[in-house]
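Asks: pasting a predicted model and its sequence here:
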Amino acid sequence: MDRIDCMRTFVATVNANGFAAAARVLDVPRSKVSKQIQGLEDSLGVQLLLRTTRSLHLTEAGSEYYEACREVLASLDEAEQRARSGLAEIHGVLRVNAPMSFGLCRLGPLIPKFHELHPKVELQLVFSDQQVDPVKGGFDVTIRIASLADSSMVARHLAPAPRVLVASPGYLQRQGTPQVPRDLAAHQCLNYGYLQSGVSLQLSNGRETQKVHVTGPLHANNGDLLAQAAEAGMGIALLPTFIVEKALAEGRLVAVICDWQAPPISINAVYPTARRVPLKTRAFLDFLVQELSA
């Protein structure tokens, strides 16, 4: 049994969430995939995957082995790349997950430039506003715009993500312009998430902090949708500037309570722990830091 080949099959099976799907990706018979996984489990003496009729799930041992396989294969691929062509050209598949709004507003326009720099890197982009599991999703890099709590992943700060309260001129003309955070309790607020009972916003002006409970007619998990609703006059929304900067510049939205800011959040890249970050991953992260900071 070729252990490296079996490890590649195991990683592909987890990423594809199935033997048949992995067989299609690897262009081999399904029976070979099943035989290699069984061979790995027999040689290790542990069960790596829990099989059901519809999906696969990693066991605890399988999850640890999956991470080890990813690291070993990444190091091997990098070593082979160095042997073939030195450091001159980076290649390989790079799977990236990012929030929908950030992906369209910020990441999308940068992709052609990255491709020009590294034409042999095949990017696979998945945009989603759901917080995915990078390991189960098989992602090399996951972009998150929030505070991070997953200690099993490595995080790299890419750029700050300042937020601003915005509303349409028409809404402010009808409902009045709030001057301090507590005024928001009397306004229609458009909130990120699904808390139908409302949410609490915390804002600070550097001297004091005010926390106000707000409610409104719309709760959504997509910033672009909230920005569109705000432009239509539905209410006030707290959104990252990268989503609303064009609407603000064109006067379709107006910033309110500008002297008060929400707690800072940042744009971060998270990726699996590894002693050596693959060249393709490191190149992509360095590129994002440079472009986003500019």
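Replies: Nice, I can see it.
Asks: pLDDT below threshold where in the chain?
Replies: 1, 53, 82-88, 147-153, 194-198, 273-276 (pLDDT under 70).
Asks: could you confirm Gln124 falls within a strand?
Replies: Yes - Gln124 sits within a strand when classified using DSSP: H, G, I helix; E, B strand; the rest coil.
Asks: what sits against Asp140?
Replies: Residues in contact with Asp140 (C-beta atoms under 8 Å, 6 or more residues apart in numbering) are 94-96, 271, 278, 280-281, 284. Just so you know, the C-beta spots here come from the backbone N, C-alpha and C atoms, and that holds for glycine as well.
Asks: gap between it and Leu94?
Replies: Using C-beta to C-beta, to the nearest Å, we find Asp140 at a distance of 5 Å from Leu94.
Asks: got any residues that touch both of these two?
Replies: Common neighbours of Asp140 and Leu94 (C-beta under 8 Å, 6+ apart) are 280-281, 284.
Asks: right, and Phe10 touches Gln38 too?
Replies: No - applying C-beta atoms under 8 Å, one finds Phe10 not in contact with Gln38, separated by 10.7 Å.
Asks: neighbour count for the two, which is higher?
Replies: Using other C-beta atoms under 10 Å as the criterion, Phe10 and Gln38 rank with Phe10 on top: 25 against 13.
Asks: for the protein, longest helix please?
Replies: What stands out as the longest helix in the chain, according to DSSP state H, is helix 60-85.
Asks: got the angle between the helix or strand following that helix and helix 60-85?
Replies: Toward the C-terminus, helix 60-85 is succeeded by strand 92-98 as the next helix or strand (DSSP states H and E). If you take axes from the mean of the first three to the mean of the last three C-alpha atoms, to 10 degrees, strand 92-98 sits at 130 degrees to helix 60-85.
Asks: in strand 92-98, what's buried?
Replies: Residues of strand 92-98 classed as buried by neighbour count (16 or more other C-beta atoms under 10 Å): 92, 94-98.
Asks: ok, now stretch 205-217?
Replies: Applying a neighbour-count criterion of 16+ other C-beta under 10 Å, one finds 210, 212, 214-216 buried in stretch 205-217.
Asks: likewise for stretch 24-43?
Replies: Using 16+ other C-beta under 10 Å as the test for burial, stretch 24-43 gives 26, 33-34, 36-37, 39-41.
Asks: go through those residues and flag which are in strands.
Replies: Assigned to strands by DSSP state E, none of these qualify.
Asks: ends of stretch 191-209, how far apart?
Replies: 20 Å (C-alpha to C-alpha, to the nearest Å).
Asks: contacts for that stretch next, please.
Replies: 181, 184, 189, 210-216, 218-221, 223, 226, 237-238, 257, 259-263.
Asks: of those, buried ones?
Replies: If we count by 16+ other C-beta under 10 Å, these have these buried: 181, 184, 189, 210, 212, 214-216, 219-220, 223, 226, 237-238, 257, 260-261.
Asks: those residues in strands, which ones?
Replies: Going by DSSP E, the strands hold 189, 210, 212, 214-216, 219-220, 237-238 from the buried ones among the contacts of stretch 191-209.
Asks: would CSV of those with distance to Pro162 be doable?
Replies: As requested, those are exported to CSV (distance: C-beta to C-beta, whole Å):
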residue, distance to Pro162
Cys189, 19
Gln210, 18
Val212, 20
Val214, 20
Thr215, 25
Gly216, 22
His219, 22
Ala220, 21
Ala237, 14
Leu238, 11
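Asks: that older thread, buried sites along the longest helix of the chain?
Replies: Neighbour-count burial for helix 60-85 [16+ other C-beta under 10 Å]: 62-63, 65-67, 69-74, 77-78, 81.
Asks: do the same with stretch 264-275
Replies: 266-272, 274.
Asks: ok, so of those, who is nearest Pro109?
Replies: Ile267 (14.8 Å; C-beta to C-beta).
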